[in-house]
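Asker: Could you look at this predicted model? Sequence included:
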Amino acid sequence: MKPEKLTKGTRTRNEIITAAHALFAEQGYHGTSMRQIADRAGIALGGIYNHFPGKEDIFKHIIIQYHPITEILPKLDAIQGSNVPDTLHFAANTIQQSLQDRGDYINLLFAELIEFQGQHINTIFSEIFPRALTTVKGLLEEKELRSKNYSLMFLMFIAVMFAFFIINRFINQRFLGRLIELDLDEAVDLLLYGIFNDQTGGRT
């Protein structure tokens, strides 16, 4: 079966998105003009407005479409049935590798946090979270767990993964050197089993 041929309008829209993605990642949001996007896409400036109302609409579309989770979820879906420790270790390593490979998205995220002060975070979250939660439930819901609060477990895991990446990428490698040993698998084990030798977590 031959792949469906894209219409001219769809091709133009994709060219706008590709051009804007590269420019936003290179220059930030405010450092990029609609004229620059049009020039890189190879279209007239007015042609952009046939597809997007304005530059911010392009940015919102890109920061969702290019989110690393869109690459990560299919990989996690493929390991359904694995035990929980193996699943989380695989997920952690997959996420870290994706973040390392996706410097473009880190730049987009900083543009969102700094230039927009995070005003699109709710939009991103509402688009990404339901899809991610479906995958999490598929991986964990038939397992014996201390909690069935999948949303909280997912948020805690993502928070630790992002913090691990930021510390390793921007602090440890450039400032602390070998003063702190960052071991991803150990971090996952701490999430799984806590910091105490027994399973009471030190609580009475």
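Answerer: Cool, got the structure. What you see is a predicted model, and the numbers here were worked out from it, not measured in a lab. Numbering: from 1, shown residues only.
Asker: Please point out which parts of stretch 94-109 sit buried.
Answerer: Across stretch 94-109, burial judged by 16 or more other C-beta atoms under 10 Å covers Thr94, Ile95, Gln96, Ser98, Leu99, Arg102, Asp104, Tyr105, Ile106, Leu108, Leu109. In this view, the C-beta of every residue, glycine as well, is placed from N, C-alpha and C.
Asker: Let me see the contact set for the second one.
Answerer: By that I understand Ile95. Pro68, Ile72, Ile158, Met161, Phe165 (C-beta atoms under 8 Å, 6 or more residues apart in numbering).
Asker: In helices, which of those appear?
Answerer: The helices, defined by DSSP state H, take in Ile72, Ile158, Met161, Phe165 from the contacts of Ile95.
Asker: Not counting its neighbours along the chain, what's nearest the third one?
Answerer: Once its chain neighbours are removed from consideration, Met161 has its nearest residue in Ile95; the separation is 4.8 Å (C-beta to C-beta, 6 or more residues apart in numbering).
Asker: List the contacts of the residue nearest the centre of the chain.
Answerer: Closest residue to the average C-alpha location of the chain: Pro68 at 3.7 Å, with C-alpha atoms, centre = their mean. With contact taken as C-beta under 8 Å, 6+ apart, Pro68 is in contact with Ile95, Ser98, Leu99, Arg102, Tyr105.
Asker: Widest-spaced pair of the buried residues of stretch 94-109?
Answerer: By the measure C-beta to C-beta, Thr94 and Leu108 form the most distant pair in those, at 19.8 Å.
Asker: one step back: reformat the contacts of Pro68 as a markdown table; add distance to Lys60 and pLDDT.
Answerer: What follows is the contacts of Pro68, written out as a markdown table (distance: C-beta to C-beta, whole Å; pLDDT from 0 to 100):
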| residue | distance to Lys60 | pLDDT |
| --- | --- | --- |
| Ile95 | 23 | 91 |
| Ser98 | 21 | 91 |
| Leu99 | 21 | 89 |
| Arg102 | 18 | 90 |
| Tyr105 | 14 | 90 |
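Asker: circling back to that earlier point, just the closest of the buried residues of stretch 94-109 to Ile124, please.
Answerer: Leu109 (9.1 Å).
Asker: Return the distance of the helix or strand containing the closest one from the chain's centre.
Answerer: Taking DSSP states H and E as the definition, Leu109 sits inside helix 103-115. Centre-to-centre, helix 103-115 and its host chain are 11 Å apart (C-alpha atoms, centre = their mean, to the nearest Å).
Asker: I'd like the next helix or strand past it.
Answerer: Following helix 103-115 in sequence, per DSSP H and E, is helix 121-140.
Asker: what's that following helix in contact with?
Answerer: Helix 121-140 is contacted by residues 60, 63-64, 67, 69, 73, 76-77, 79-80, 82, 84, 87, 112, 150-151, 153-154 when judged by C-beta under 8 Å, 6+ apart.
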